[in-house]
Structure formats: structure tokens, C-alpha cells
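Chemist: Next input, structure requested:
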Amino acid sequence: MKSSHPFTRSPVHPLMRRGATLLELVIVMTILGVLLSFGIPSFQFALEQSRAQVASANLEAIWSAQRLYWLENRTYASDVATLQSAGMLDPSLSTQTFFTYEIASADASSFLASATRTSNQKWNGTFTIDQTGTLAGVLSNPPKSDIAAGFQ
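Modeler: Have a look, this model is predicted:
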């Protein structure tokens, strides 16, 4: 007599399996590992490039703040803290983890601000911006291509 209970399982056909073998799982994991090993270096380069673009944007914010400061004082600010205390620059700029920002030189007619990559075993370099708004500098990682300042 057959059971008509709704939770009983019907017998599985001998040619149909319900799971994967260990060998199939190992093959799938190996293929995924190979695909990831090709993609991770490209992802790391893109991530560092986006950090460089943020640093460039922050330097452009410093440039704008310096222009406003010059209009009010007829001289450029000598440090980032002065711009922050005047309310012309976001205070969170000092807490950035990937770059440190400073105004290297400033007087009544010119300034030079820089963003230096903080200690990183792979990437290093400095970006600068001057009173004309010219961005310069590169980040380098010897086996890879350099990342230039600005948006590319």
C-alpha cells in the first residue's frame, strides 16, 4: 500500500542526482579562482585611480578656497587649517586616510598646495596645484603604469 502522506518523498530515478560531487565542486572553485586572479589587479588599479581622482578634486577645492581667501585678504592662506577655520574648506579634509594635504608655499601672488599619498607599500607620489589651477604629479607603482593627476 502506497502512502499518500504529502511529506513523503517519491523515489529518485537512478539517473538523477540531487547534489554535486566533490570533484565537480573543486573544478568550479578552481575556475573561479583563475577568473578572480585575472580581475583583482585591474580592480586594485581602478581603486587607486579613483583615490587619485578624489585627491585631485580635493586639490581643486583647496584652489577654490585659496581664490576666495585671496579676494578677502589679498594674500593666499599659508596652511589648510586657515582655510578650514575661515569656513572655506571642509574640515574633514584633514582626516583623509589615503592622502595628506598641505600648502607648501603661499604669499600675496602665488601658492602651491600638495596631496601626498600616505604610506603605502605599493603606490607613492604627490599631486600639486598652483594659483593658476594647474594640476601636476603622478602616483607610481613600478610594475604598473603611472596614474596622473586629474580626471582621465
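
Chemist: what are the phi and psi angles of the residue lying closest to I103 once chain neighbours are set aside?
Modeler: Leaving aside its sequence neighbours, I103 sits nearest to A113 (CB to CB, 6 or more residues apart in numbering; 4.9 Å). All C-beta atoms are positioned from the backbone trio N, CA, C, and that covers glycine. Torsion angles at A113 (phi, psi; degrees, to the nearest 10) stand at phi -110, psi 150.

Chemist: do the same with D130
Modeler: Phi and psi for D130, reported as degrees, to the nearest 10, are phi -120, psi -170.

Chemist: The closest residue to it other than its chain neighbours: which element?
Modeler: Closest residue to D130 apart from its sequence neighbours, by CB to CB, 6+ apart: L112 at 5.3 Å. Assigned by DSSP states H and E, L112 belongs to strand 111-117.

Chemist: Next: T126.
Modeler: Assigned by DSSP H and E, T126 falls within strand 124-130.

Chemist: buried sites along that strand?
Modeler: Buried residues in strand 124-130, counted by 16 or more other CB atoms under 10 Å: 125-130.

Chemist: Tell me the one among the residues you listed nearest to F99.
Modeler: F127 (7.9 Å; CB to CB).

Chemist: pLDDT value on that closest one, please?
Modeler: Predicted confidence (pLDDT) at F127: the value is 96.

Chemist: what's the next secondary structure element after the biggest helix by length in the chain?
Modeler: In the chain, taking DSSP state H as the definition, the longest helix is helix 22-73. Sequence order places helix 80-85 as the next helix or strand after helix 22-73, per DSSP H and E.

Chemist: List of residues touching that following helix?
Modeler: 62, 65-66, 69, 77, 89-91, 93-94, 101-103, 113 (CB atoms under 8 Å, 6 or more residues apart in numbering).

Chemist: Drop anything exposed from these.
Modeler: For the contacts of helix 80-85, buried by 16+ other CB under 10 Å: 62, 65-66, 69, 77, 89, 93, 101, 103, 113.

Chemist: With distance to N120 and pLDDT added, can I get these in TSV?
Modeler: Formatted as TSV, the buried ones among the contacts of helix 80-85 follow (distance: CB to CB, whole Å; pLDDT from 0 to 100):
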residue	distance to N120	pLDDT
I62	22	96
A65	27	96
Q66	27	96
Y69	31	96
A77	28	95
L89	24	93
L93	19	86
Y101	16	95
I103	23	96
A113	21	97
